[in-house]
Structures are given as C-alpha cells and as structure tokens.
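Novice: My questions concern the predicted model and sequence given below.
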Amino acid sequence: GENVEQHPSTLSVQEGDSAVIKCTYSDSASNYFPWYKQELGKGPQLIIDIRSNVGEKKDQRIAVTLNKTAKHFSLHITETQPEDSAVYFCAASRGRNNNDMRFGAGTRLTVKP
Amino acid sequence: NAGVMQNPRHLVRRRGQEARLRCSPMKGHSHVYWYRQLPEEGLKFMVYLQKENIIDESGMPKERFSAEFPKEGPSILRIQQVVRGDSAAYFCASSPILAGTSTSTDTQYFGPGTRLTVL
C-alpha cells in the first residue's frame, strides 16, 4: 500500500518568511495529492490539492509542486502570518473511491510575530 | 451548504462501555470515510462506506468496532467495550459523486471530529 513520509515534523519561522514542507510517497500509481491544515481542536481543512497532470499549482500565498519521477511533492507558504500556525498534513491516493488515501505524520508550523 | 457534521464533539466513557459516534456528510455526498487520530500523529484510515454498503473496512479492528451508513440518517461508528487505548480523535470525511456515476471524486472534506476519552 501507499506510504507517505513528511518532513520536517516541526517548523518555526519568523513572520513574513517562507515555509516549505516536503512529502514523499511510495505508490507510483498515486495521482492525487491534497494538503490539509489542522488547527487545535478542529478537523483537517483542505487548503490546496494537485493532480498528477500538473507540476505546480498556486493559490495566493500557497503553492504546491509535484515531481512524479522522484515521487515527492511540497507545500510552499510565502509571507507567513501568525494565523498560518497549525499542523499541516500531506496525503496521496490513486483518486476516486480513494479509500487508499494515506496521510503523512504532519508538520507543526509555528509563525513567530 | 453545511459542512460535514459530527456529534458529539466530546465523549467520555468508562472502560467496558459503548461509544457511538455520528457523522452527517455534506449535502449531496454519499461516500463517508472514518479516520482515527492519536495525539501528535497523522490520520489513520479505518473504514469507507457508501449508503447501505461497507466498501472497505481494512483499517478497522476486527473486534469491538463496527460502522454503518444507513439509507436514512447519519453514519455511525460504534465501539463496544471501550478500552483506554481507544482514546483518540475520530474524524469523518465525505466525498461527492462524479456526475452520472456512483464513483466518488477524489476530494475529501472533514468534519470537526469527536474526541473520545476512556477513563
């Protein structure tokens, strides 16, 4: 089955700096890669996703890149703000009826004002 | 459009009691997934259901755990004879269907979770 590894486990940046979180996956058939943000006491919230037919996707301060050959994908947050502080999870699946979606262990991002 | 709803948000049970967790998917979604999250860990898949069908329960312990998603009403995750190790946050997610098919799309939307504490 799919195995997703996520690094780093914790990340601390100064407000305004960029943050990068990286994930690798094992199943070459995976073609859907979402990122979730989880704030304390809440459920994971989808913030961006990418499918294997594109290499990069941007949404304001958030971008995700995908390298299918190397089987890794990354989340980039620019101009970080204190409200970006949360735990971020990557995931990978083959898509549709994706009971095979597997999550990384999470990255705790702290943005210092 | 209301999001995925779960209740209760917090549940306290003594060892040996039963826990019932409920999940109402987003309107129009008929695919439901249950995950368990231990403190400081990621989400672990438990079970995938469509209306009246369990599609994949490979992540759910064989004993004491069961799930259902009836034709009417919410999906239920049931844990019998709870033990301290069952203490965790349990999240439900739902997916919409691809138009004209019975296949779910790839995107999952999560509820706020139920935090189960076993004393």
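Specialist: On my side now, so go ahead. Numbers count the residues shown, from 1 in each chain, chains lettered A, B, ... in the order given.

Novice: Tell me how far the residue most central in space within chain B lies from B:Glu18.
Specialist: In chain B, the centroid-proximal residue (CA atoms, centre = their mean) is B:Trp34; its distance is 3.2 Å. According to CB to CB, to the nearest Å, B:Trp34 and B:Glu18 sit 16 Å apart. All C-beta spots, glycine's among them, are computed from the backbone N, C-alpha and C.

Novice: what's the distance between B:Ser75 and chain A?
Specialist: 14 Å (CB to the nearest CB, to the nearest Å).

Novice: For that residue, the count of nearby residues, please.
Specialist: 22 (other CB atoms under 10 Å in any protein chain shown).

Novice: List, one by one, the residues from chain B near chain A.
Specialist: With the criterion set to CB under 8 Å from any CB of the partner chain, chain B comes near chain A through B:4, B:6, B:31, B:33, B:40-45, B:48, B:55-56, B:58, B:91, B:95, B:98, B:103-113.

Novice: hmm, try it at 7 Å
Specialist: Selection of chain B residues close to chain A by CB under 7 Å from any CB of the partner chain yields B:33, B:41-43, B:45, B:48, B:55-56, B:91, B:103-113.

Novice: I figured B:His29 hits B:Ser94, correct?
Specialist: Yes - assessed by CB atoms under 7 Å, B:His29 is found in contact with B:Ser94 at 3.9 Å.

Novice: For the helix or strand the residue nearest to the centre of chain B falls within, give me every contacting residue.
Specialist: Element membership for B:Trp34 (DSSP states H and E) is strand B:31-37. Around strand B:31-37, the neighbours that count as contacts under CB atoms under 7 Å, 6 or more residues apart in numbering or on different chains are A:99, B:23, B:25, B:43-50, B:67, B:69, B:75, B:77, B:88-95, B:104, B:108.

Novice: Many thanks, have a good one.
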